[in-house]
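Trainee: What follows is a predicted structure for the sequence shown.
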Amino acid sequence: MARPTRSAHRTSGWCGVSTRKAPPTRVSLVKRSVEEHLEAVLGRVTALPAFDQPLMEALGLVLAEDIVSGVSLPGFDNSAMDGYAVRAEDLAGATAESPVTLAVVGEQRAGRPEPTMVTPGKCIRIMTGAPMPRGADSVVQVEWTDGGTVNVRIEKQPALGQSVRRFGEDVKAGEQVLERDTLLGPRQIAVLAAVGRARVKARPRPRVVVISTGSELRELGGALGDGQIYDSNSYTMAACARAAGAEVYRVGVVDDDAKKIMDTLMDQLSRADLVITTGGVSMGAYDVVKEVLAKTGTVDFPSVAMQPGKPQGFGVLGPDEVPIFTLPGNPVSAYVSFEVFVRPALRKLMGLMPYQRSLAHAVALDEFKSPPGRRQFVRAAARLGDEGWMASTVGGHGSHLLGGLSRANALIVVPEDVTSVRAGDQVELLLLDEETR
Ligand SMILES: Nc1nc2c(c(=O)[nH]1)N[C@H]1C(S)=C(S)[C@@H](COP(=O)(O)OP(=O)(O)OC[C@H]3O[C@@H](n4cnc5c(N)ncnc54)[C@H](O)[C@@H]3O)O[C@H]1N2
Ligand code: MOO
Ligand SMILES: [Mg+2]
């Protein structure tokens, strides 16, 4: 098959698209490509305003200021070793056979500098991290000595400056240590703490409200009646959103009842930066999510040229124009739609580049059909061997088939114009198992 397009996953070109209001609702008549839908989504989403955050709260958030260090690191010349602060010239020629003995005139501990000075023939016992005493230019580690506390016998000559950590050699006061828009992970937190930043300006975690709709759905833990199933979507969506860095409110299940759905949405809007619903967006008599939200005029229900995930909606709700995704009820459709549309939107809210999943070229290991005119996202178990990535389909194609989803670590992305894939064909993979942000 032809090499699949990479365009669905470009990170460039997704930002900066129009922020004009969504066009009037056209229920299920509008056909959109994956790119067009993604563009419509990202056009309505902007990064959340930044707040001053305590340092630990900022872990996993995106920095909204350049960080210039107010201090130098190290803040003073200090010892890299437990040993003796000396004048190197006093130890010229010292060896195990002809050691040099110095008088120990004081002790220098980390955090407890003493005023004592090192003069010719003398030294000061010093610990790692303790400031270098005046007069000393080098440190002899204790292993090179007899460890004496009154006099010390030194069996090796240090180089000038041996084991001394210099003022400002790591970071200079006034130097920029982090750039805005950096995602704060443990390594960045380390630097911020070292330069003494107790608080930083960062964009908050998006607050995501997750609602499952469907009168057949039951909350976990209860018994299932005839025709009932457990609500898995609200857990899937909540897990996806939390793993992507959001703070999640899983509202749970609402019946297929227009008033209940609208009341729940209105009730939840005040605490949401983004809403995800699942179910009720196709052609059924009780697909009321589409019915009620289409009437608002701010949520669109296009037919997206993809499989799974064709029927779904996106728009904004309420005076604050909170973005809302109304994803399809079929569990795999909801999951794939999260990866393709919701994740980039969440990332944009957080202040990150919208797309992050890596793409890889792979060899397909089995044969399957793909619907014409729709981009297909096929669950796959992919592995990287000596010959590159190899991918087998896993878990089936039906968007209700959830059982095998846990064995997938990638989605094979089949372009709209490709209708079959054979074993040995080159395919494109969207890798799912990387670190989430
Ligand atoms: N006449 C047509 N029927 C359907 C079409 C179509 O084009 N014409 N599209 C199909 C496709 S494709 C999809 S995808 C689904 C989308 O369905 P809805 O979004 O309307 O979702 P529901 O009807 O409410 O549910 C569909 C399916 O998923 C199960 N479900 C729903 N919510 C959950 C949940 N929280 N946890 C687990 N499972 C859930 C539900 O029980 C149904 O089996 O429409 C097709 N139909
Ligand atoms: O679009 Mo549905 O999501 O194909 O199963
Ligand atoms: Mg339906």
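Mentor: Now that the structure is in, tell me what you want to look at. Numbering: from 1, shown residues only. Ligands and ions are numbered 1, 2, ... in the order given.
Trainee: how about low-confidence regions in the stretch 301-437 of the chain?
Mentor: 434-437 (pLDDT under 70).
Trainee: mind listing the helices for it?
Mentor: 331-337, 343-350 (DSSP state H, counting those that start in this stretch).
Trainee: Is the shortest one in proximity to ligand 1?
Mentor: Yes: using C-beta under 6 Å from any ligand atom, helix 331-337 reaches ligand 1 at Pro331, Ser333. Where you see a C-beta, it was placed from the backbone N, CA and C, and this is true even at glycine.
Trainee: and that helix, what does it pack onto?
Mentor: With contacts defined as 3 or more C-beta pairs under 8 Å, 6 or more residues apart in numbering; DSSP states H and E, the packing partners of helix 331-337 are helix 233-243, strand 322-327.
Trainee: what's the closest of these to ligand 2?
Mentor: strand 322-327 (8.9 Å; C-beta to the nearest ligand atom).
Trainee: related to what we said a few turns ago, relative to Val118, which of the helices of the stretch 301-437 of the chain is closest?
Mentor: Among the helices of the stretch 301-437 of the chain, helix 343-350 comes nearest to Val118, with 53.1 Å by C-beta to C-beta.
Trainee: how much does that closest one deviate in direction from helix 233-243?
Mentor: If you take axes from the mean of the first three to the mean of the last three C-alpha atoms, to 10 degrees, helix 343-350 sits at 50 degrees to helix 233-243.
Trainee: can you list contacts of helix 343-350?
Mentor: 14-15, 38, 41-42, 45-48, 61-62, 203, 205-206, 208, 240-241, 244-246, 273-274, 323, 325, 353-357, 437 (C-beta atoms under 8 Å, 6 or more residues apart in numbering).
Trainee: Now which of those residues would you call buried?
Mentor: 14, 38, 41-42, 45, 47-48, 61-62, 203, 205-206, 208, 240-241, 244-246, 273-274, 323, 325, 354-357, 437 (16 or more other C-beta atoms under 10 Å).
Trainee: what's the longest strand seen in the chain packed up against?
Mentor: If you go by DSSP state E, the chain has its longest strand at strand 375-385. Strand 375-385 sits against strand 306-307, strand 359-364, strand 388-393, strand 410-414, strand 426-431, with contacts defined as 3+ C-beta pairs under 8 Å, 6+ apart.
Trainee: nearest spatial neighbour of the residue of the chain found nearest ligand 1, skipping sequence neighbours?
Mentor: When you check the chain against ligand 1 by C-beta to the nearest ligand atom, the closest residue turns out to be Gly329, at 2.5 Å. Leaving aside its sequence neighbours, Gly329 sits nearest to Gly279 (C-beta to C-beta, 6 or more residues apart in numbering; 3.3 Å).
Trainee: and the one you found, backbone torsions?
Mentor: phi 90, psi 160 (degrees, to the nearest 10).
Trainee: Could you check how far it is from Leu365?
Mentor: As judged by C-beta to C-beta, to the nearest Å, Gly279 and Leu365 stand 34 Å apart.
Trainee: Determine the number of other residues adjacent to Ala362.
Mentor: 23 (other C-beta atoms under 10 Å).
Trainee: you'd agree it is up against Ser392?
Mentor: No: assessed by C-beta atoms under 8 Å, Ala362 is found out of contact with Ser392, at 9.9 Å.
Trainee: highest average neighbour count across the helices and strands packed on strand 375-385?
Mentor: strand 410-414 (a mean of 25; mean count of other C-beta atoms under 10 Å).
Trainee: buried residues in stretch 159-173?
Mentor: Under 16+ other C-beta under 10 Å, the buried positions of stretch 159-173 are Gln162, Ser163, Val164, Arg165, Phe167, Asp170, Val171.
Trainee: Columns distance to Gly315, secondary structure and pLDDT on top of these, output as a markdown table?
Mentor: Shown next, in a markdown table, are the buried residues of stretch 159-173 (distance: C-beta to C-beta, whole Å; DSSP: H, G, I helix; E, B strand; the rest coil; pLDDT from 0 to 100):
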| residue | distance to Gly315 | secondary structure | pLDDT |
| --- | --- | --- | --- |
| Gln162 | 67 | coil | 98 |
| Ser163 | 64 | coil | 98 |
| Val164 | 63 | strand | 98 |
| Arg165 | 58 | strand | 98 |
| Phe167 | 57 | coil | 98 |
| Asp170 | 50 | coil | 98 |
| Val171 | 47 | strand | 98 |
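Trainee: Make TSV from those and add distance to ligand 3 to it.
Mentor: As requested, those are arranged in TSV below (distance: C-beta to the ion, whole Å):
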residue	distance to ligand 3
Gln162	75
Ser163	72
Val164	72
Arg165	66
Phe167	68
Asp170	60
Val171	58
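Trainee: which of those lies closest to Ser69?
Mentor: Val171 (5.1 Å).
Trainee: From ligand 3, how far out is the residue of the chain closest to ligand 1?
Mentor: 6 Å (C-beta to the ion, to the nearest Å).
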